[in-house]
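A.B. asks: sequence first, predicted coordinates after that:
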Amino acid sequence: GQNIDQPTEMTATEGAIVQINCTYQTSGFNGLFWYQQHAGEAPTFLSYNVLDGLEEKGRFSSFLSRSKGYSYLLLKELQMKDSASYLCAVRAPSGGSYIPTFGRGTSLIVHP
Amino acid sequence: KAGVTQTPRYLIKTRGQQVTLSCSPISGHRSVSWYQQTPGQGLQFLFEYFSETQRNKGNFPGRFSGRQFSNSRSEMNVSTLELGDSALYLCASSLQDMQETQYFGPGTRLLVL
């Protein structure tokens, strides 16, 4: 089976930096997604990592270590609008398909 | 450029009925993925279509099916509805593959009574 773990909730201060971790144990690995989802809205795609290392996109960066089964999403210069749920998903082979399995999400609360 | 649209936005059905949901991707996008989101199970992958072919399939029973038309519009069908099928159904489109930037539609909220 596939197991994706993320912290349930995190809080941080506006302007600060926060790191949201994701660990996984899966049968195979094809890539790792990060999504942002505001309450009552559809998810927004943030990143897809296949290779080890850090990828930066503006204020958001995503890191992957395949050997450790570990990823993190780094958010810099936090803004109030970053308060949302952040979902990690690992894509892995399953029955002839490559399917993403999602973690339960990390609810990030940014306060002034 | 118009975003991903889903119809209907809300739907109420009774157990045993069937339902068809529609998704129109962003113009030029050929990959369409479907997801189910519930409070209990979270977000789960249903299937992905590309060029009218199902390319990947999640672990859902055969009551869940889909198709894609030549214009990349996609439909998903759920037959013999169960109470547990009540969920938000999301579709997302991307240019060629779900590993590229995906754009989600607003979702269809299905309530099964």
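C.D. replies: Arrived safely, thanks for sending.
A.B. asks: what sits opposite the spatially most central residue of chain B in the beta ladder?
C.D. replies: The centroid of chain B falls nearest to residue B:34 when counting by C-alpha atoms, centre = their mean (3.4 Å). Under DSSP bridges, the beta-bridge partners of residue B:34 are residue B:47, residue B:91.
A.B. asks: from chain A, how far out is it?
C.D. replies: Distance of residue B:34 to chain A, computed by C-beta to the nearest C-beta, to the nearest Å: 12 Å. Using the backbone N, CA and C atoms, a C-beta is placed for each residue, glycine as well.
A.B. asks: pLDDT score assigned to that residue?
C.D. replies: Looking at residue B:34, its pLDDT is 98.
A.B. asks: now for it: which residues touch it?
C.D. replies: B:23, B:45, B:46, B:47, B:48, B:66, B:74, B:76, B:89, B:90, B:91 (C-beta atoms under 8 Å, 6 or more residues apart in numbering or on different chains).
A.B. asks: nearest to residue A:109, of these?
C.D. replies: residue B:90 (23.8 Å; C-beta to C-beta).
A.B. asks: residue contacts, that closest one?
C.D. replies: So residue B:90 contacts A:42, A:43, B:6, B:34, B:35, B:36, B:37, B:43, B:104, B:105, B:107 (C-beta under 8 Å, 6+ apart).
A.B. asks: burial of residue B:36, as a residue count?
C.D. replies: Neighbour count of residue B:36, defined by other C-beta atoms under 10 Å in any protein chain shown: 21.
A.B. asks: so where does it fall, helix or strand?
C.D. replies: strand B:31-38 (DSSP states H and E).
A.B. asks: what residues sit buried inside that strand?
C.D. replies: B:31, B:32, B:33, B:34, B:35, B:36, B:37 (16 or more other C-beta atoms under 10 Å in any protein chain shown).
A.B. asks: work out the gap between it and the centre of the chain.
C.D. replies: Strand B:31-38 sits 5 Å away from the centroid of its parent chain (C-alpha atoms, centre = their mean, to the nearest Å).
A.B. asks: same question, stretch B:19-39
C.D. replies: How far stretch B:19-39 lies from its chain's middle: 4 Å, per C-alpha atoms, centre = their mean.
A.B. asks: what about that stretch, start to end distance?
C.D. replies: Taking C-alpha to C-alpha, to the nearest Å, stretch B:19-39 runs 21 Å from one end to the other.
A.B. asks: again with stretch B:35-49
C.D. replies: 12 Å.
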